[in-house]
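Undergrad: Here is my input, please return the structure:
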Amino acid sequence: MCFRLSSMLMFLLVAHLAFTQEPPSSLPDQPSVKELLERIDRLEKRVNELEANERKIAGRAASVAQQPATPVQSEQPDTASALSAHDHMPSSELQQVETRYPSLQIHGFGDVDFSATDKKGLNSGFNMGQFVLHFASALSGKVSYFGEVSFTAEPTTYELAVERSIVRYDYNDYFKLSFGKYHTPIGYWNATFHHGAWLQTTISRPEMVKFGGSLIPVHFVGAQAEGNIPSRGLGLGYNVGLGNGRGSLFSKAGDSGDVNSNRAWVANVYARPSRLYGLQVGGSFYGDKLSTRPGTNLNEWIAAADVIWTKEHPEVLAEYANVHHRDLATSETFNTTSYYVQVAYRLPWEASKWKPYYRFEYIHRPVVEPVWDFSTTPSVIDLVGSLVGLRYDITNFAAFKGEYRRARSAVNEPNVNGAFFQTSFTF
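TA: Numbers count the residues shown, from 1 in each chain. Next up, the predicted model:
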């Protein structure tokens, strides 16, 4: 390209000289020829610079194309103006031109439920469950935001709650730093299945991690670091968080601030071996200082472990947690133990739409427990129960579920039997 352009310029200049120059004896014309030759040299250099810029732009476009895809919308600016702009900006600004930020996506979940039990004083009937909205937005190539709000049906109105609100900086696969309100990464279920019943196999969550429960702090407000740990085929990962402890109501997080000057912390480590795809083994620890009433302070330690097989032929979820409280004034200790085991299997016929499941769960707490007995009604009770159910996926975005449950909440209490049905969906 450079040789053809130079040859054309030389031809035009020679033709121009042939028609316009004076006889050879006219010496004053010689400097003008020299100037024209210098001008040709300058034009050739400019051509080389333009070709270098084109190669640089092509390299930048290739590097942008190789970056991980983000949910963004692309612009299609005028080609000439885009090329002129590309020549004067670094690669980070180049990506901003080709990507529009912020980029917002909204998804929703909902469910309609029916229940009937033989427990005295408990009415049967329909319930609207939760209506949940997820908001996800890329703010740049490495910064993103996620929000989750829920509307829960109450007797006279709907309760609106901010369940999650997180801004995260992805430095690389080994370190991602975020701030906001999370689901506390204790165990597997609470960190994996969020609001939206369609996400989980069963109708309800296990009692130990149920929404509105107090055994394990479901939400956490603060800062969190997460990422992968170099481990070859072991697939190690971690979550470490520091933030507010439980609120004045132990089933709630400290959204507006901690109830004392002590920060809560949480650490989770897990392994997902590449040779056993679908397997996860993890352990979690949580620490906090609780103030149940003025002058009464307790240390809280939670140790949890989980073994998970996410393949659906079969699917196995098992978690254990021990909640340890120690009265700082008397040194008296209290331990509450809980676990559940859930097994499911997606049947192969009819496009694998049928998925039967079974779950057993157990909670044992001390007779006297200053944290759970802080309110008039104990927030954590003994439980021995099981359920059997069947899920039928109507489409990829909606499912029918039916369950039979049998549970006893105290040694001397009778078993409670119930039938539960749900239609859950996402959009």
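Undergrad: lowest-pLDDT helix or strand in the protein?
TA: Using mean pLDDT, DSSP states H and E, helix 79-86 stands out as the lowest-scoring helix or strand of the chain, at a mean of 39.
Undergrad: Look up which helix or strand V149 falls in, please.
TA: strand 143-153 (DSSP states H and E).
Undergrad: Identify each buried residue in whatever helix or strand comes next after that strand, please.
TA: For strand 143-153, the following helix or strand on the C-terminal side (DSSP H and E) is strand 158-172. Residues 161, 163-166, 168, 170 are the ones in strand 158-172 that count as buried (16 or more other C-beta atoms under 10 Å). (C-beta placed from N, C-alpha, C; glycine too.)
Undergrad: I'd like to know which elements strand 158-172 is packed against.
TA: Strand 158-172 is packed against strand 143-153, strand 175-183, strand 219-229, with contacts defined by 3 or more C-beta pairs under 8 Å, 6 or more residues apart in numbering; DSSP states H and E.
Undergrad: pretty sure P356 contacts V343?
TA: No - taking C-beta atoms under 8 Å as the definition, P356 is not a contact partner of V343, at 9.3 Å.
Undergrad: List the contacts of T292.
TA: 298, 370-371, 374 (C-beta atoms under 8 Å, 6 or more residues apart in numbering).
Undergrad: A264 and R293, how far apart?
TA: Applying C-beta to C-beta, to the nearest Å, the value for A264 to R293 is 19 Å.
Undergrad: Between those two, which is the more surrounded one?
TA: It is A264, of A264 and R293, that has more neighbours when counted by other C-beta atoms under 10 Å, with 24 against 8.
Undergrad: can you pull the contacts of the more buried one?
TA: 217, 220, 222, 242-246, 258, 286-288.
Undergrad: And these, which is closest to K401?
TA: Top of the list for closeness to K401, among the contacts of A264 and by C-beta to C-beta, is P217 at 27.2 Å.
Undergrad: That closest one and I186 touch, don't they?
TA: Yes - taking C-beta under 8 Å as the definition, P217 is a contact partner of I186 at 7.5 Å.
Undergrad: Find residues that contact each of these two.
TA: Common neighbours of P217 and I186, counting by C-beta under 8 Å, 6+ apart, are Y286.
Undergrad: Verify the stated contact: Y357 with V343.
TA: Yes - between Y357 and V343 there is a contact at 6.7 Å, judged by C-beta under 8 Å.
Undergrad: Now the common contact residues for those two.
TA: Common contacts of Y357 and V343, defined by C-beta under 8 Å, 6+ apart, comprise E315.
Undergrad: Which residue ranges of the stretch 301-427 of the chain form strands?
TA: Using DSSP state E, counting those that start in this stretch, the strands of the stretch 301-427 of the chain run over residues 315-327, 333-344, 354-364, 383-395, 398-408, 416-426.
Undergrad: nearest residue to F109 other than its sequence neighbours?
TA: Among residues not flanking F109 along the chain, G196 sits closest, at 3.0 Å (C-beta to C-beta, 6 or more residues apart in numbering).
Undergrad: check contacts around that neighbour.
TA: Contacts for G196 (C-beta under 8 Å, 6+ apart) come out as 109, 130, 132, 134, 424, 426.
Undergrad: Kindly report the same for T296.
TA: Counting by C-beta under 8 Å, 6+ apart, T296 touches 327, 329, 370.
Undergrad: okay if I get the residues you listed as JSON lines plus distance to R100 and neighbour count?
TA: Shown next, in JSON lines, are the contacts of T296 (distance: C-beta to C-beta, whole Å; neighbours: other C-beta atoms under 10 Å):
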{"residue": "D327", "distance to R100": "56", "neighbour count": "16"}
{"residue": "A329", "distance to R100": "58", "neighbour count": "9"}
{"residue": "P370", "distance to R100": "54", "neighbour count": "17"}
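Undergrad: ok, of these, which one's closest to N396?
TA: Closest approach between the contacts of T296 and N396, by C-beta to C-beta: P370, at 47.9 Å.
Undergrad: so who does that closest one touch?
TA: Contacts for P370 (C-beta under 8 Å, 6+ apart) come out as 292, 296, 298, 325, 327, 334.
Undergrad: what do you get if the cut-off is 6 Å, keeping everything else the same?
TA: Residues near P370 by C-beta atoms under 6 Å, 6 or more residues apart in numbering: T292.
Undergrad: Kindly report the same for I216.
TA: I216 neighbours (C-beta under 6 Å, 6+ apart): 186, 209.
Undergrad: How about the secondary structure of it?
TA: Following DSSP: H, G, I helix; E, B strand; the rest coil, the label given to I216 is coil.
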